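Undergrad: Attaching a predicted model along with its sequence, questions to come.
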Amino acid sequence: MSKKRLHAMRSGVPKGNAELLLAEDVPALGKQGEIVRVKSGYARNYLVPQGLATIATDENKRMVERHRVRLAELQKDRIKSIRNLAEQLSEYSVTLEANANPEGHLYGSITAPEISKALKAAKYDISPDQVRLEGPLKEIGMYTVKIHLHTDVETEVKVWVVPTSST
């Protein structure tokens, strides 16, 4: 038996085209868990030895499908908790003090990090990059600020900018 034939038998990759299950994301080929058809040489010499893919047996396909269902359930629960957080945030308002002149113009400005810090102080874990301002807040007043929680979930929070009390 030839060395090539023996190697092909040992790796489990049939000659011709091979149906593989991707164990990792492979650029220009597919994402983890997808089933792809590739040339047997590519599978035998690169994908399988590098641990990027495995032979797509019926058992492997069933395992991936069960895993996919579990991930979908987890994602559904995660979205539900994010929507719950969005509802809580929409009912909350933040009050920030800032130095201002008599006309109501701030000497500085209120930016996303200040809003994020105030929300964290109120036990809402919101990072500055989740706070979507159209620009820094530069005047005394009430603002409605968008909070981006997930690609599908956005909410708004009321931000009150008040002058610093001088007592």
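TA: Here it is on my side, so go on.
Undergrad: any chance you could map the strands in this protein?
TA: Ranges of strands in the chain, per DSSP state E, are 17-22, 35-39, 53-55, 93-98, 105-110, 131-132, 137-139, 141-150, 153-163.
Undergrad: nearest to residue 86, of those?
TA: strand 153-163 (3.8 Å; Cβ to Cβ). All C-beta spots, glycine's among them, are computed from the backbone N, C-alpha and C.
Undergrad: quick one: strands adjacent to the closest one?
TA: strand 93-98 (parallel), strand 141-150 (antiparallel) (DSSP bridges).
Undergrad: how about a markdown table for those strands, with mean pLDDT, mean neighbour count and distance to residue 79 added?
TA: Putting the strands paired with strand 153-163 into a markdown table (pLDDT from 0 to 100; neighbours: other Cβ atoms under 10 Å; distance: least, Cβ to Cβ, whole Å) gives the following:
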| stretch | mean pLDDT | mean neighbour count | distance to residue 79 |
| --- | --- | --- | --- |
| strand 93-98 | 92 | 15 | 25 |
| strand 141-150 | 93 | 15 | 7 |
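Undergrad: how many neighbours does residue 157 have?
TA: For residue 157, the count of nearby residues is 23 (other Cβ atoms under 10 Å).
Undergrad: Quick check: pLDDT value at it.
TA: Looking at residue 157, its pLDDT stands at 95.
Undergrad: How about the one 4 residues further on?
TA: As summarised for this prediction, residue 161 has a pLDDT of 94.
Undergrad: Please apply the same query to residue 3.
TA: 53.
Undergrad: Phi first, then psi, for residue 51.
TA: phi 80, psi 20 (degrees, to the nearest 10).
Undergrad: Quick one: residues contacting it.
TA: By Cβ atoms under 8 Å, 6 or more residues apart in numbering, residue 51 lies in contact with 23, 24.
Undergrad: Check the gap between it and residue 23 for me.
TA: 6 Å (Cβ to Cβ, to the nearest Å).
Undergrad: try residue 107
TA: Residue 107 is 57 Å from residue 23, by Cβ to Cβ.
Undergrad: Which helix runs longest in this structure?
TA: helix 58-90 (DSSP state H).
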